[in-house]
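*Asks:* Sequence isn't available, so here's the structure alone:
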Ligand code: 26W
């Protein structure tokens, strides 16, 4: 803190009184939360001003992280920790009989993201600030973040998430940085006096972007960066001419149209291809951000286009902001008058692209027809980029039409479309995958010709998570134990946490470690009681699968295993298994029917199992509603077992796997994504690996995968799959789970049945290992000690050393 403890405490009271017109006698927990946030924000603001002054004076090189999603979660407890004022806040609140935990719980999650990709962006912002790197995040200030999920009669119901309804104490609105963006219209082919093509964009619509900044405080450093989010507004309050002609309603609805762009986050993390509003969102935030960073570049004297690429690097978080490539070409060529090759040389030095998925349906394509309507000039520019790109291809592989087709940005056919991944690869100087295996598959399967065409462009940056949020702040007791043994250096340099590994031989330490886990489980049990009205025993194994609901993530494999255990127990009520609580948290995309059916199935099985006295409480199945960052911070410290069971080759990385391992949870997982590297770090003896490998999956598919055969030949599988379709679990909604049963028998696109037996065997090993308390404790400690590689500080250092090349500004 750069003010005294007493001054800070006083500041909370001043904000309560002067910003909120409250006194301690009538303040609600929410008031205390807002007042405390404002006082903390004041601390951050001082540093923010200093950081910006330093960056500007030194005319630093900066990275600009463009992302359609930032899943920030709550900010208060992180910001208190970053500025070192937790104790002071606790004291002040205590003096007024207020529990700081209730105050923290009042904050709405900033849920401007779907899942892994958005949360990664948030962890990266934390690491960039903590490592003193000059960085700006750019995104959209959605009025409605990811929907709030309720479970009604076992079904997912979506409600709007109006997180800013009552204001956001963390942001600064900057109307002076408002940008105007054009959409729609047409292009006039105009030539200047020298005969140069000077296209003119006419008949366009305009929309404005207003900047809102959220300061991002580094942990234990003076650096404060910012996340700049754009909110869309219509350009004029009302179209007055329409108003005068009696078109009041039309005038207002035009205004509403302009404001629609930043209304809501698309709740889908697989496909939103073809949705016009989504394309408008992408262009809106990209255009605002580019104009803004160009404005900022030209502010210090002496800067010009000549040194633009020395000062600016832009990281594209997946292809969602890929329209930035033709947009920067348009600015440089059409507006600034650079010749094509000069403009392209700059573009190609500025952009770097991160790929987050291999799933073909998640690779964005925009129909040429739609692009021409919404962004007519960009459509032309992409064609021009492609023409020049293909002429280079022609030079390397003369006359090879097949190569050209594969490498083209344009997908020909009845619905001609732009492949945004190809545009991103061509437009960027670096393309990275997010885990070692993912990058291998990216090069070998998705982009082999590109890898050959652009040798050295592809690289790996294994994901990471911030140890501040995902250990220091979510698991205070474990953090304190670790710090008591090795000091607190690990919070900023996670490699230091390796020093706790020898303590696994210390019986006292093991006891402390596992008692903390137990207390975290007691706390989670209370949350489960509160949210699900189910009693669970904290001495049971807490078996956790928390992530978006997707077939490839295979929550239904987990469910089949639960059904097998249930059946085994009904056959033999004395069966000796350690009691288990299966804990799920997952949102399904609202239009993803099978995913929603899986949620219903989990809840239906839970209802039966939890109330079946015959099994003597040995199994419990709970589905925690509305999984989000703040709920993750409560589940993760209480987990014993981490389910990472995607079909090999499908999960690009995973980051929940890292958070859980860091908190001493053992992984049961396939050799997929970052699980492979977690296994390398903790060692095969400290993880439960099962199932078909990527090569085996490919081999099975090559032969022709036949789930029906497995179903018919394996009695257990047949039993549990038929059970799902039998209405035993859903007597009030007959047939509601049939689609799941049929999918498993006739499609099973993600090979659940092929991995079922191996999974059950691995689960038996888990059961056996858990009974040996000492052994389990040692394994858990090794996990916490040896996953330091998965700190996002390491990831960001790698990005910086290999791609961004920024100077830390201390
Ligand atoms: C076009 C719609 C759409 C939206 C989001 C398609 C794809 C996405 C993302 C790629 C989904 C996502 O979050 N991917 C996850 O990214 C994480 C961070 O790198 C990885 O850890 C996950 O494995 C990957 O699924």
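*Replies:* That came in fine, so what should we check first? Keep in mind that what you see is a predicted model, and the values were worked out from it rather than measured.

*Asks:* Does residue 262 touch residue 141 like I think?
*Replies:* Yes - counting by CB atoms under 8 Å, residue 262 touches residue 141, with 5.9 Å between them. Just so you know, the C-beta spots here come from the backbone N, C-alpha and C atoms, and that holds for glycine as well.

*Asks:* Residue 745: what's it in contact with?
*Replies:* 707, 708, 711, 721 (CB atoms under 8 Å, 6 or more residues apart in numbering).

*Asks:* Give me the next element, helix or strand, following the host helix or strand of residue 280.
*Replies:* Residue 280 belongs to helix 276-297 when assigned by DSSP states H and E. Following helix 276-297 in sequence order, the next helix or strand is helix 308-311 (DSSP H and E).

*Asks:* Could I get the buried residue list for that following helix?
*Replies:* Residues of helix 308-311 classed as buried: 308, 309, 311 (neighbour count, 16 or more other CB atoms under 10 Å).

*Asks:* Show me what it is packed against.
*Replies:* helix 276-297, helix 340-350 (3 or more CB pairs under 8 Å, 6 or more residues apart in numbering; DSSP states H and E).

*Asks:* from the contacts of residue 745, which is closest to the ligand?
*Replies:* Nearest to the ligand, judged by CB to the nearest ligand atom, of the contacts of residue 745 is residue 707 at 23.8 Å.

*Asks:* if I read this right, the closest one contacts residue 747, doesn't it?
*Replies:* Yes - applying CB under 8 Å as the test, residue 707 and residue 747 come out as touching, 7.2 Å apart.

*Asks:* how near is residue 137 to residue 285?
*Replies:* Distance of residue 137 to residue 285, given as CB to CB, to the nearest Å: 11 Å.

*Asks:* Most widely separated two among the contacts of residue 745?
*Replies:* 708 and 721 (10.4 Å; CB to CB).

*Asks:* more neighbours, the two?
*Replies:* Neighbour tally, residue 708 and residue 721, criterion other CB atoms under 10 Å: the higher count belongs to residue 721, 27 against 14.

*Asks:* so which helix or strand takes in that one?
*Replies:* Following DSSP H and E, the helix or strand that holds residue 721 is helix 715-724.

*Asks:* mean confidence for that helix?
*Replies:* The average pLDDT within helix 715-724 is 98.

*Asks:* Stretch 546-561 too?
*Replies:* 98.

*Asks:* Now do the buried residues in that stretch.
*Replies:* 546-561.

*Asks:* re the thing from before, mean neighbour count, the helices and strands packed on helix 308-311: which tops it?
*Replies:* Comparing these by mean neighbour count (mean count of other CB atoms under 10 Å), helix 276-297 ranks first with a mean of 21.

*Asks:* got the angle between it and helix 340-350?
*Replies:* Counting by axes from the mean of the first three to the mean of the last three CA atoms, to 10 degrees, helix 276-297 lies at 90 degrees to helix 340-350.

*Asks:* Off-centre distance for helix 276-297?
*Replies:* 21 Å (CA atoms, centre = their mean, to the nearest Å).

*Asks:* Point out the residues in the stretch 701-810 of the chain that sit beside the ligand.
*Replies:* Counting by CB under 6 Å from any ligand atom, the stretch 701-810 of the chain comes close to the ligand at no residue.

*Asks:* Give me the neighbour count for the residue in the stretch 701-810 of the chain positioned nearest to the ligand.
*Replies:* Per CB to the nearest ligand atom, residue 795 is where the stretch 701-810 of the chain lies closest to the ligand, at 10.0 Å. Residue 795 has 22 neighbouring residues, counting by other CB under 10 Å.
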